[in-house]
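Enquirer: based on what follows, work out the 3D shape:
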Amino acid sequence: MEEKKVPPSGAPERAPDGADGKNLPIAEPASTPVQGADNAPNGAKNAPTCAQNGDNAQKGEEKPQAAADSAVVLAADEPDLHYKNKREAAKGGLLGFFIGLAVIVPGVSGSAVAIIFRLYDKLLYALGNILKKFGKCVRFLLPIAAGVAVGFVLGFFAVQKLIDLVPFIVIGLFAGLMLGAFPAVSAEIAGQKRTPPRLLLFLAGLAVPIAFGVLSTLCVPGGRGLENLQFYHYIIFFVLGAAVAVTQIVPGLSASALLMMAGYFSALMDSVHLSYWQQNPAVFAVYACLIVGFAVGLVGFSRLLSALLSGRRRVPAFFVICGLSLGSVVTMFFNPDVFAVYQSWASGGVETLDLVLGILLFFVGAACSYYFVRKERNKVKALQK
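Expert: Next up is the predicted model:
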């Protein structure tokens, strides 16, 4: 007796055998085999499926999976903003210290320090996403903000006074520190092709801080005051605050050089005094415009720069940044503070002790900074092994 074969579940039924070709299948078989049919017995392995709801169910299962995969990709692109230990938090504080100091000392770049510490991308991400991921970003930025406050206060009350007394010596030290840090910046383009467009980008970056230095030294006719201001002046201070923010996150740009070029550096430095506040309380509106502009510029430009440094645009962008960083070292020896020294030497003779100490501290600063760069680089190599 012949055994009657039962079609597997979900397979199409056939009409009874008969004439006139009525034994054709009612539905065309699907080309996709049933999931798990490899383990099905007695030929059910190749059984077709035509149940539409089964296909829809399978598609419905793929959508959450695709969404999960997308979430994994997004999570991978997001940098880890947690400090693993107190030493990393201390690095964040030291980074903030140089950022605060950069407002006072021409040519000092906190962003170059961020690149040395490998915190640059994290800093840009935290600043650009502080409104979206407030808690996580603020926890990362707190040590940096504390360092900014210390660096600004120390720079204002100590370093600025030293610059007034022995400007060439102080400038020599900080210029050496910045030059020694340059290999950390240039490492981003190590091994990359030096094409003509990229070299032009490097030269353009080199020219920007030098132009700032020349304009702030030679082309600005004296300083401007903060008294008897009109409405449009406050708009200028808002824009100036945003521009100062850009100098803090782009290596090679100097906030003090920018303020000198605008003619407001000395006025702002001299305004931080109790007697001045009593005589001209309207200066607090100037501070408010600068602070608001600084905050807007910091968040907005951080997002823009973070996007610019992603993917294929990162290498060309770092050719510009390398030019900016090297140009900032040049401008440290050509700004209003040190230019006044050159003028005094030309009229009254060279101060030999200042010159020798300035050159000596330049090489000492460069050696110390380069040693630190090499030390950080060796740590990264050890972790990668």
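
Enquirer: where does the stretch 151-300 of the chain have low pLDDT?
Expert: 219-223 (pLDDT under 70).

Enquirer: repeat that for 90
Expert: Scanning the stretch 151-300 of the chain for pLDDT under 90 picks out 151-167, 170-171, 173-193, 208-232, 244-276, 278-282, 298-300.

Enquirer: all helices of it, in order?
Expert: Taking DSSP state H, counting those that start in this stretch as the criterion, the stretch 151-300 of the chain contains helices spanning 160-165, 167-186, 196-214, 231-249, 255-262, 265-271, 274-279, 283-308.

Enquirer: which of the ones you listed sits closest to Ala112?
Expert: helix 167-186 (4.9 Å; C-beta to C-beta). All C-beta atoms are positioned from the backbone trio N, CA, C, and that covers glycine.

Enquirer: Val150 and Met332, how far apart?
Expert: With distances taken as C-beta to C-beta, to the nearest Å, Val150 is found 22 Å from Met332.

Enquirer: those two: which is more packed in?
Expert: Using other C-beta atoms under 10 Å as the criterion, Val150 and Met332 rank with Met332 on top: 28 against 16.

Enquirer: which helix runs longest in this structure?
Expert: helix 352-384 (DSSP state H).

Enquirer: next, the angle helix 167-186 makes with that one.
Expert: For helix 352-384 against helix 167-186, the angle by axes from the mean of the first three to the mean of the last three C-alpha atoms, to 10 degrees is 20 degrees.

Enquirer: wait, Val246 sits on Phe301?
Expert: Yes. The criterion here is C-beta atoms under 8 Å, and Val246 meets it with Phe301 at 5.2 Å.

Enquirer: adding distance to Arg118, write the helices of the stretch 151-300 of the chain out as JSON lines.
Expert: Shown next, in JSON lines, are these (distance: least, C-beta to C-beta, whole Å):
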{"stretch": "helix 160-165", "distance to Arg118": "30"}
{"stretch": "helix 167-186", "distance to Arg118": "9"}
{"stretch": "helix 196-214", "distance to Arg118": "21"}
{"stretch": "helix 231-249", "distance to Arg118": "16"}
{"stretch": "helix 255-262", "distance to Arg118": "23"}
{"stretch": "helix 265-271", "distance to Arg118": "32"}
{"stretch": "helix 274-279", "distance to Arg118": "41"}
{"stretch": "helix 283-308", "distance to Arg118": "15"}
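
Enquirer: can you redo those helices as a markdown table with distance to Phe98 and mean neighbour count?
Expert: What follows is the helices of the stretch 151-300 of the chain, written out as a markdown table (distance: least, C-beta to C-beta, whole Å; neighbours: other C-beta atoms under 10 Å):
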| stretch | distance to Phe98 | mean neighbour count |
| --- | --- | --- |
| helix 160-165 | 15 | 14 |
| helix 167-186 | 9 | 23 |
| helix 196-214 | 17 | 18 |
| helix 231-249 | 10 | 19 |
| helix 255-262 | 12 | 24 |
| helix 265-271 | 19 | 17 |
| helix 274-279 | 28 | 10 |
| helix 283-308 | 16 | 17 |
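
Enquirer: which residue is nearest the centroid of the protein?
Expert: Leu124 (3.4 Å; C-alpha atoms, centre = their mean).

Enquirer: alright, I will stop here.
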